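[1] Need the 3D shape of this:
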Amino acid sequence: MERRNFLKVVAATATVMAVSPSLIRGNLYASDGTLYRAYEKTQLIGADGKPILASKLEKEVNYIFNYPYASTPCLLVNLPKPTATDVELASENGEKYIWKSGVGKDRTIVAYVAICTHQMTHPTPSDSFIMYVPEKTKTIAYEKSGIIVCSSHMSAFDVHAGAKVLGGAATQPLAAVVLEHATDDTLWAVGILGSDKFQDYFKSFKPELKQFYNGPAEAKKLVSISAKTVKLTEFSKELIQY
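    Residues are numbered from 1 along each chain as shown. Got it, this is the predicted structure:
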């Protein structure tokens, strides 16, 4: 099993250890502020029920799956070039953590929770204001494309570097989904790295949770075993990107 998103935990003695996310349960606060929470190891599958294969993901296409809860959307993107490695990030509270890298043969596959850290804009079956903008598509949110943009308030995130903030109103990176790439080319979600907005999201969008997920109880159910993964164009009726 390939685990490129291992966390580096620096202890008080300055010893560096590699920690496998799938071996951790609950919140991890290391002495350097690293923040990670493990959830059920979940395989990404297509609408046909077959496993998503890393090598078959189209380049620069927005895919979406719900994880770690039944109602929390995440973006999956196969980038045109390898990501950065060992990126140090910080939450708005100053908690530091390390985003290791993308996964896959060429380190190009990334996943992030698609809930904007500014005002929790997120994809719904009706529309989506947040998405990855391909390198050759213009955006007014930032000088370069090939980034994630929330068009609600023009927040821009570096998809190659742990979704760190590049511009706009957001004050912290998007939470990252920790992925594992198996030897059979399948992809698995195992946890969330960084500060999340899940509880705020549940409180703020109760009518939406009732409309799309049969109420808060169903919406808050943890995903396990598998997560259906489709193109964002198939998930949301309308995509809004500036």
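[2] In the longest strand anywhere in the chain, which residues are buried?
    Longest strand in the chain, counting residues (DSSP state E): strand 35-45. For strand 35-45, burial by neighbour count (16 or more other Cβ atoms under 10 Å) applies to 35-39, 42-45. All C-beta spots, glycine's among them, are computed from the backbone N, C-alpha and C.
[3] would you turn those residues into CSV with distance to His181?
    Below are these laid out as CSV (distance: Cβ to Cβ, whole Å):
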residue, distance to His181
Leu35, 23
Tyr36, 18
Arg37, 20
Ala38, 17
Tyr39, 18
Thr42, 14
Gln43, 12
Leu44, 11
Ile45, 15
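[4] would you turn the residues you listed into a markdown table with distance to Glu60 and pLDDT?
    Formatted as a markdown table, these follow (distance: Cβ to Cβ, whole Å; pLDDT from 0 to 100):
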| residue | distance to Glu60 | pLDDT |
| --- | --- | --- |
| Leu35 | 29 | 84 |
| Tyr36 | 28 | 92 |
| Arg37 | 29 | 93 |
| Ala38 | 29 | 93 |
| Tyr39 | 27 | 96 |
| Thr42 | 24 | 98 |
| Gln43 | 23 | 98 |
| Leu44 | 18 | 98 |
| Ile45 | 22 | 98 |
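[5] Closest to Lys105 out of these?
    When these are compared for distance to Lys105 (Cβ to Cβ), Leu44 comes out closest, at 16.3 Å.
[6] for the closest one, what are its contacts?
    Residues near Leu44 by Cβ atoms under 8 Å, 6 or more residues apart in numbering: 51-52, 65, 76, 186-189, 226-227, 229.
[7] what's the closest of the residues you listed to Lys136?
    For the contacts of Leu44, the nearest to Lys136 is Leu76 (19.9 Å; Cβ to Cβ).
[8] And for that closest one, the neighbour number?
    28 (other Cβ atoms under 10 Å).
[9] if I look at it, how far off is Gly104?
    11 Å (Cβ to Cβ, to the nearest Å).
[10] In the chain, what residue spans correspond to helices?
    Assigned by DSSP state H, the helices in the chain fall at 198-204, 206-213, 216-219, 232-235.
[11] one step back: now the longest strand of the chain: how far from the chain's centre is it?
    From the chain centre to the centre of strand 35-45 is a distance of 11 Å (Cα atoms, centre = their mean, to the nearest Å).
[12] Same check on stretch 64-82?
    5 Å.
[13] Return the distance of the closest residue to Tyr242 other than its chain neighbours relative to Lys100.
    Nearest residue to Tyr242, sequence neighbours excluded (Cβ to Cβ, 6 or more residues apart in numbering): Ser151, at 4.7 Å. Separation of Ser151 from Lys100 (Cβ to Cβ) stands at 29 Å.
[14] Excluding covalently adjacent residues, which one is nearest to Tyr142?
    In space, Tyr142 is closest to Ala156, 4.1 Å off (Cβ to Cβ, 6+ apart).
[15] Need the pLDDT of the most centrally placed residue in the chain.
    Note on the chain: the residue nearest the mean C-alpha position is Tyr112, at 1.2 Å, using Cα atoms, centre = their mean. pLDDT for Tyr112: 98.
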